[in-house]
Each structure stands twice: as structure tokens, then as C-alpha cells.
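J.: no FASTA, just this:
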């Protein structure tokens, strides 16, 4: 055995190599542990060993004049340490053919000779030494069963060769030299050929009986054959798919080349450039946009389609050429047709329709209906959004709506810088692209609910959009070019004006939609809502009918809001239940009358408000987001002896101040109202505004509170079916208040006949349609004395 170190052999003391014949194996054998697959007799194995640990073992073998070593499998890994208890008892004795040291490792080439078994350990620390027993393989020349197994092994190996490309020419060469007469060598080789686990191969190594070993190897090869067949099937399928895709790709490339040579097609890049040029030819760019387009097209022409800049530039040009530069529709100029369209969409609201027609007439006279921004303000469900659609239809323009309620990012309006990943223009340019014209009607819904955050203030971004003096050169962050929005007609909607920023509100022309009277709701339900719901449910008026009394019952006791949204929901509920009755065999038509409404909708949601009367009780009028409502005010004297003034009814700060002003004004001018000056000195007064669970605030109940205190102090009652509203000052003046239309609607709904309003609100009453004022006796007051003169019975 030669041991080479850095390429130079190290010989024994005599300078000669020691060569032992294979049959003269020693009884004491040095052992090398091995934590990989076991080595079988008749095979060669290169090992890499730790020089510090195992060179003494190889030196000991040389000193004993031997060239063999025992290789035994190790349970676990060598990193866990060397322990003879973790070594298998059966291994392979190997001839050491070559040892080469390279730094800290030894490269050892071993040849397996035969099996051995450890009988006793002579040394359990490296170098390991053990007394062993050898088990040479002996073949029975007359054993036909062993020959049959050997033939089976050869045949299975031949089947494996075409299934696995890893079995190369060396395997074919081995088979050509193999013989069924050497079954032991054949079995060991076949076992090492498989992908079996280390434990399975160790079990075959430890199977000393040749017949049993051959049987196990045949079973192992059969399992390997099935695995190889499955792998080949998967591999063939994948190769077939890859080949199909490659073939299709090659054919497409050839087709593209042929078409290109014949002038029948162009590559993707050329096609994109020509598509953009064709789009641009139909547009009327501004000078700046034309220059930028040419610049970006030149850049796109030299970029490779696979580069990131290609995608950014291509998307920008796509957006630029998708916008309606200079493309507008012609406005309709027939005002009578516009009025008929508005009437078809809405019942009532004649004052609102007149304002819209005035606005449209101004646009017709100057040739462009844009320039002003309309803001439709009113409670939910009064038809603000559908009015915007009606405006677009009457002008014969395209309509686009998007909600700005809850919007907190300025980029939603003005877009993102195009250098950002996923950048795109703002909602306005997206709307223009979808509409395809530069003069659509764009509705900004819920403008009173717009928000702000660290990402910007969308309301401030809208200032440029909604300013006629600025939006002719609107600049989106993504496009970074001026685009003319002056031809766009913007229609905003809101439920209230308080939350709209003052600079934004200043740019709008406000049109108020106060709500509908009960009579108007009945017409809307009969002419619009009921037929629409019948169509949705697939029924006709011959199958489900509702009479006028039933509609009145729904409106007065289930849907008492300013709009008709809740009314529509209740009518839909009635139709659903009627539809169930029809499917269950009810007699047609199903009639819905006043008596059956409770069966369809349950108990009433609203009872008619009671108009209380008596000393210290006065009815006021209030505005709410849902429309108008009556507001009773009650005052009593709790006791005498201790002066006091207590307020209840969830009154806000402004309303509490109004109550204190009313008390101060009445006490200061008590004599003129016929009140003893000493009356308030020892009176503990409690003033309450029902309902107690509803928060209330505002100055418009000032005259109502003062009148209630005068009634309490004089013991007089106010006139029946009378209501009032107005802000009271400390000097006794009555200031104007808002929401007059809603308050008058509430008064009519509750059967009020006489209404006292501030004198300065007379102009608001003149704008209210005559059908709203009909049946109301309206009086105007400038001072509290005027209110008292009208309120109390003479």
C-alpha cells in the first residue's frame, strides 16, 4: 500500500511495498466507519477522510504489513462521533489501492472483496481494531434457482437501461461481461444500482444466504422498474409539451418572417408605433401636447420592448392618445325637449327644473353650457343623481358619475407621477377617456363628505377643477400636460353645505332640492316607482294592484322622509310578498288596500304628530337632514320660592343660548306682554323640547321659546294649528333662518294652517311654488312683539 503526501510516496522501512494476496485475509482487521451507502464486494469506492483522525489507522495498516481494511456502516452520521455501539456488525473488507493526502483530508480508493462480521472489538478507539469472521460467496453450480434469479436480474436491468438516461455505456458493458453463473456478484451490483435507502442496502449486505439475497434484490429491482417507468412517463409528457411549444414558437417566427418579407405584417414594436400615430391623426393636440407626443414617440422607437422604460413610455403614450383632445359633441338646444326630459325623470320639483332650464338656456345662448358648476343640495332620496342624468340627456351629452365621499388621496383627482409603479391618471382624465368627448357631464357625488389625510387634501385639488378660470389648463400629475376641462359641465351633489369648504362652495351655483309633498310622492309612486318595481319583479299591473288609500298609508306612516328612497323600499317589499302569494295560488289580481298594508309592512313606523296645545306649549318648525319637522316647546313652573331656569331635550349650545336670550328678552320687556315684573323672581321654570332622545341645535327656535315663556307667564294659550320659526336677538329682533321650504312642507304635512316667519324670509317664500304655500296663512314678524300679536288669541 502506497501512502502519498503532497505527491511523494511513503514506503515502509525496507523501501518496498507490502502486497498481500486476497485470500490471505487477517484475523484482526482495522475498521473504517462509513455513514453513506454501503460498499458491496466487487465494487470500488473513493473515500474522503479526515486526515487527523484516520491517517493513524492507515499508518497502522501499513505497519502491520497489510493492504486491507474493514468498511462498516455507521448508524446516524459521523458528526455525532464514533462509537462502536453505533456500528453495524457486518461490513465489507476492502483492499486499499491508493491513499493521497491533500491538506487536511485523505483521498482513499477502496475495492470491496467480501463480507465480514465483527466477532469482538480489540480496540474501540481509533485506530479501531476487531477480530472478524469472513463470509466468502460460494456458488452452487447445480443451483438452478440461483441461476433463474440471476437471469431475472439481468433482464430487469436491461429493461431499466432505456427508461433511465443515467444508466450509460458502463452498465451495458457490465451486462455484456456478466454471467448468470456469478449470481452473488450480480446481486450485489444490482442492489447498488438502485435508489434504495441506506438501511435497505445494509439489510441486503447483511443477508448472507445467497438465495434470500437474490430474492430481495429481484423485489428491489421490480420496485425500481416501476419508479423508472413513472419517471419516464412524466419526462416524456414534459418533453412533449416543451417540444410542442418550441415547435409552435419556431413556426410562428418563420410565419412572422415570411409575412414581414412579403409586407403582410409588422413586429409588435412597429405595430404599436403605427397604432399610436393613427390615433394621434384623429386628435387635435395642443402645441405642447404635440411636441411631447413627438418626443415620446422618438424615445419609444429606440427602446427595446423588454426594457422597463418601454412599458412606462408606452403606457404614457397610450393614455395621451386615448384622451379626447379637441373632440366634443354638439349640445341640444331645444328647451321644450329639455323640459319634457326633466319631467319624464322627475315628478314635481318645478322650481328646481326652472332653475336648471335657466342654466341651460344661458348655455344655449352663448353656445356652451359649461362654465358654471351646479351643486344640487338636498336630503337623501330626492333625486339628485337622477337629475344629473336628466341634465346630461337634455343636453345630449355623455354622463359620468363618480363619488368623492370618503376620498382622502389627492392623487384620486390629479393622478400619480408616472415614475411610480402602477401610476395612472386621476379620476377626471379616466372619465374623459371613458366618455370619449371633452364636454361630458361629470357628476361629483357626495361632495360634502370628501375627506383629507397625510396623502393630501382632495377638496383643495378640486378647487382647480371646479374653477372656470383655471380648469382650462388643468394639469394632471401623470400626464404632466395642460388639458382643457372648461367644456365639461360639472354637477355636484351634497346633503348639506356645512361640511363643504368655503372656497370650494364659492365656485358652485347651489340649487336646493327640499323634498316632496305627500301628494307629489303619491304621483311619483303611481307613475314611476310602482311600474319600475313591477318590471323588475316580472309582474304586471293586472297581477298586483295597489289603491290610492294604500299608497297614502305607506307615505304617511312608513316613509315619512323628504325623498322617496324609503318609499321605494317599502313598495318593493309589498311586491315581494304579493309575488309569494301569487306563487302560492292566490287569486289574481292581488289587491293591496289600506287595511292590508299592516300585513305587508308590519306596525306603523310613524304616527301622525300630535299638535299639543295649552298654557306654555308652542309649536316650532325645524330643519333636519331628512327634511322638515315640527318642534313642540313646553314650559312649566316647577315651584315658587326659588328662581331657576332648567333646559332639557338634548339641546345644543346654540339652542341653549337661544333659550337664555328668550328668557332675558321676556323678563326685560315683561310689562309690554302683560306680565307682572315680580313673576319671574321666585319662579323655577323648566323648559323642555321633545323628543328627548334626539339631539337638537340651531337658533331658529328662539321666538318659539320666548312665546312659550310668555304663554306660561300670562296663562294664555296660542292659537290652534299655529307654528313659528325665527332667531330672536337680545334686543327683540327676529332674524331670518334657513330651510323655509322644508319647514313649510312639514307644516302642511301636520295640518298647520298659520305660520309665523321672520320678515326677511319673505324673499324665500316667494321662491317656493304656489302649491306648497296653498292652504297656509303666512305672517311675517320683525320683532318679538309682532310674533306675540299674531300668536295669541284675541
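T.: In hand now; what should we look at? This one's a predicted model, so the numbers in the text were calculated from it and none came from an experiment.
J.: Give me the buried positions along stretch 632-646.
T.: For stretch 632-646, the neighbour count (16 or more other CB atoms under 10 Å) marks 632-635 as buried. For every residue, glycine as well, the C-beta is placed using N, CA and C.
J.: Nearest to residue 493 among the residues you listed?
T.: Among these, residue 632 lies closest to residue 493 (CB to CB), at 32.7 Å.
J.: Could you look up the SS state of the closest one?
T.: strand (DSSP: H, G, I helix; E, B strand; the rest coil).
J.: Could you measure from residue 511 over to residue 206?
T.: Per CB to CB, to the nearest Å, residue 511 is found 99 Å from residue 206.
J.: Which of the helices and strands in this protein ranks last by mean pLDDT?
T.: Least confident helix or strand, the chain: strand 8-10 with a mean of 36, by mean pLDDT, DSSP states H and E.
J.: After that one, which helix or strand is next?
T.: Note on strand 8-10: by DSSP states H and E, the next helix or strand toward the C-terminus is strand 28-34.
J.: For that next one, give the mean pLDDT please.
T.: Throughout strand 28-34, pLDDT has a mean value of 90.
J.: How about stretch 157-167?
T.: Computed over stretch 157-167, the average pLDDT equals 72.
J.: cool, and stretch 767-778?
T.: Averaging pLDDT along stretch 767-778 yields 81.
J.: Please apply the same query to stretch 634-642.
T.: According to the model, stretch 634-642 has a mean pLDDT of 87.
J.: Could you do stretch 187-199 as well?
T.: Mean predicted confidence for stretch 187-199 is 84.
J.: which of the residues in that stretch are buried?
T.: 187-194, 196.
J.: Looking at the residues you listed, which is nearest residue 98?
T.: residue 192 (21.0 Å).
J.: thinking residue 705 is in contact with residue 687, fair?
T.: Yes - Residue 705 lies in contact with residue 687 (CB atoms under 8 Å); the separation is 6.5 Å.
J.: Common neighbours of the two, please.
T.: Common contacts of residue 705 and residue 687 (CB atoms under 8 Å, 6 or more residues apart in numbering): 633, 635, 659.
J.: export those residues to TSV and tack on distance to residue 503?
T.: Listed next are the shared contacts of residue 705 and residue 687 as TSV, based on distance: CB to CB, whole Å:
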residue	distance to residue 503
633	38
635	43
659	35
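J.: which ones are touching residue 511?
T.: With contact set as CB under 8 Å, 6+ apart, residue 511 has these partners: 352, 355-356, 374-377.
J.: hang on, I meant residue 309
T.: By CB under 8 Å, 6+ apart, the contact list for residue 309 reads 299, 303.
J.: Run the chain-centre distance for stretch 785-794.
T.: Stretch 785-794 sits 62 Å away from the centroid of its parent chain (CA atoms, centre = their mean, to the nearest Å).
J.: And for it, what's in contact with it?
T.: Under the criterion CB under 8 Å, 6+ apart, residues 618, 672-673, 703, 706-707, 710-711, 714, 716-719, 722, 724, 726, 732, 734, 754, 756, 759, 779-781 lie in contact with stretch 785-794.
J.: how about 10 Å then?
T.: Stretch 785-794 is contacted from outside by 618, 666, 669, 672-674, 702-704, 706-707, 710-711, 714, 716-720, 722-724, 726, 728, 732, 734, 754-759, 777, 779-781, 783, using CB atoms under 10 Å, 6 or more residues apart in numbering.
J.: which among these end up buried?
T.: With neighbours counted by 16+ other CB under 10 Å, the contacts of stretch 785-794 contain buried members at 618, 666, 669, 673, 702-704, 706-707, 710-711, 714, 716-718, 722-724, 726, 728, 732, 734, 754-759, 779-781, 783.
J.: Identify the bridge partners of residue 135.
T.: Counting by DSSP bridges, residue 135 is bridged to residue 115.
J.: That one touches residue 115, doesn't it?
T.: Yes - counting by CB atoms under 10 Å, residue 135 touches residue 115, with 4.4 Å between them.
J.: related to what we said a few turns ago, which of the contacts of residue 511 are buried? Put it as a PyMOL command.
T.: In PyMOL, this line selects whichever of the contacts of residue 511 come out buried by 16+ other CB under 10 Å:
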select buried, resi 352+355+356+374+375+376+377
